[in-house]
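In: Structure for this input, please:
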Amino acid sequence: MTTTTIAQPSWQLQRNSFGRLVLTDVDGVAHENVIPVRAFPVSAPDHGLSLVSSDGHELAWIDTLDELAGNARKLIEEELASREFMPEIERIISVSTFATPSDWTVQTTRGTTTFTLKGEEDIRRLAAPALLIADSHGIQFLIRDQKALDKHSRKILDRFL
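Out: Predicted coordinates for the structure are as follows:
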């Protein structure tokens, strides 16, 4: 085990020499390869987080990331960032055709990209006004607020909804 140790009321969280999270519970039992899992990754990403063992058993529950000390929060956020990949669409630049399959060129929080939308059923409505779009490779793209998109983007999106 290495350097950064963060004490919580009933557990400690640190990284081992392999960079994996290790949770030491109140009884002093070390649980290797702990995985943080968001309960509501889209609608409430900072609320309801579980630290689970590698075999899927919940070891700790965190109501909100704000309740954690800075280093514990940092460790968990780093781990989540390395596991989660859901670019957020900021603007729809163009689509190849208004029939599916179609190629979409979009500006995301991770840069400009092009993906193929296989069918209109790959656009899922979440809690209003959010949408989740799956490309032909299974990558999920999030539109957090479709009403916040520019007029051109909304017009394109409306043709598929």
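
In: Tell me which other helices or strands the longest helix seen in the chain touches.
Out: Assignment by DSSP state H gives helix 70-83 as the longest helix of the chain. Under the contact criterion of 3 or more Cβ pairs under 8 Å, 6 or more residues apart in numbering; DSSP states H and E, helix 70-83 touches strand 5-7, strand 12-15, strand 21-24, strand 35-38. For glycine as for every other residue, the C-beta is placed from the backbone atoms N, C-alpha and C.

In: Need the mean per-residue confidence for the second one.
Out: Right, the one you point to is strand 12-15. Taken as a whole, strand 12-15 carries a mean pLDDT of 89.

In: starting at the chain centroid, how far to it?
Out: Here strand 12-15 is found 22 Å from its chain centre; the criterion is Cα atoms, centre = their mean, to the nearest Å.

In: Only alpha carbons, please: show it as PDB.
Out: Listed next in PDB are the C-alpha coordinates belonging to strand 12-15 (Å, rounded to 0.1, in the frame of the first residue of the first chain):
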ATOM      1  CA  GLN A  12     -10.200   4.600   5.000                       C
ATOM      2  CA  LEU A  13      -9.500   4.900   1.300                       C
ATOM      3  CA  GLN A  14      -6.100   4.700  -0.400                       C
ATOM      4  CA  ARG A  15      -4.400   3.600  -3.600                       C
END
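
In: Name every strand pairing with it and say which way it goes.
Out: strand 5-7 (antiparallel), strand 21-24 (antiparallel) (DSSP bridges).

In: in that strand, what counts as buried?
Out: Across strand 12-15, burial judged by 16 or more other Cβ atoms under 10 Å covers 12-15.

In: Dump these to JSON lines, plus distance to Arg83.
Out: Formatted as JSON lines, the buried residues of strand 12-15 follow (distance: Cβ to Cβ, whole Å):
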{"residue": "Gln12", "distance to Arg83": "21"}
{"residue": "Leu13", "distance to Arg83": "16"}
{"residue": "Gln14", "distance to Arg83": "18"}
{"residue": "Arg15", "distance to Arg83": "15"}
